[in-house]
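Undergrad: show me the folded form of this:
(2 chains)
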Amino acid sequence: ILNVEQSPQSLHVQEGDSTNFTCSFPSSNFYALHWYRWETAKSPEALFVMTLNGDEKKKGRISATLNTKEGYSYLYIKGSQPEDSATYLCAFPTSYDKVIFGPGTSLSVIP
Amino acid sequence: DVKVTQSSRYLVKRTGEKVFLECVQDMDHENMFWYRQDPGLGLRLIYFSYDVKMKEKGDIPEGYSVSREKKERFSLILESASTNQTSMYLCASSFGTGTEAFFGQGTRLTVV
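TA: Predicted coordinates for the structure are as follows:
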């Protein structure tokens, strides 16, 4: 079974703090790396699809970087807001279209 | 907007019942997936399908089967429901390898 790991498992930050979390994935047979945000009572929604080593993506206060050679991606949130509270999942598509998810990082932003 | 629709939000079934969870997507996606989500374990892949009538086992297929007779519909079947299959089940679809997945709203299944 391919392993996709995320750290930390959970995080509590104050409103306005910046934060980051890590996704580790197998560095061989790389197709893409996805980040999803999963808010309570909603479906997971894609934040970023990253495909190239050195990729940096940004959406508002959230950004992500990718290192395919060493098998990790960072997600950064600048100036966290309560609405950023969610579980952040990374996902690793493999050959044969199988998509493996990490266990997620649960972020709580305290007002 | 892409829509992935699961037939039920909540289900309660008895041990030993045969249970069908239905998922329909409206974007002509090739790939469809069934995951279950349990506290502390994240999303675990049960089965996926990359084409009509094609299916592949995921990481935890035991006790489940699937059916994909039409491109837009992917059904998850619990042959004989057991209490350890109480979970949140999520269906997803994607266009192809490496592309983002779109998720349904989830079905919370309780087996009593």
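
Undergrad: CA atoms for contacts and neighbours, from now on please.
TA: Will do.

Undergrad: I'd say residue A:81 and residue A:18 touch.
TA: No - taking contacts as CA atoms under 8 Å, residue A:81 lies outside contact range of residue A:18: 9.5 Å.

Undergrad: quick one: which of these two has more around it?
TA: Each of residue A:81 and residue A:18 has its neighbours counted (other CA atoms under 10 Å in any protein chain shown); residue A:81 has more, 19 against 15.

Undergrad: state the helix or strand in which the nearest residue to residue A:16 once chain neighbours are set aside lies.
TA: Residue nearest to residue A:16 in three dimensions, not counting chain neighbours: residue A:79, with 4.1 Å by CA to CA, 6 or more residues apart in numbering or on different chains. Secondary structure assigned from DSSP states H and E places residue A:79 in neither a helix nor a strand.

Undergrad: count of neighbours near residue 4?
TA: No chain specified, so I'll use chain A. Burial of residue A:4 is recorded as 19 neighbouring residues (other CA under 10 Å).

Undergrad: could you do chain B instead?
TA: Burial of residue B:4, expressed as a neighbour count using other CA under 10 Å, amounts to 23.

Undergrad: wait, isn't it in contact with residue B:93?
TA: Yes - using CA under 8 Å, residue B:4 and residue B:93 qualify as a contacting pair, with a distance of 7.4 Å.

Undergrad: which neighbours do these two have in common?
TA: For the pair residue B:4 and residue B:93, residues contacting each of them under the criterion CA atoms under 8 Å, 6 or more residues apart in numbering or on different chains are B:25, B:102-103.
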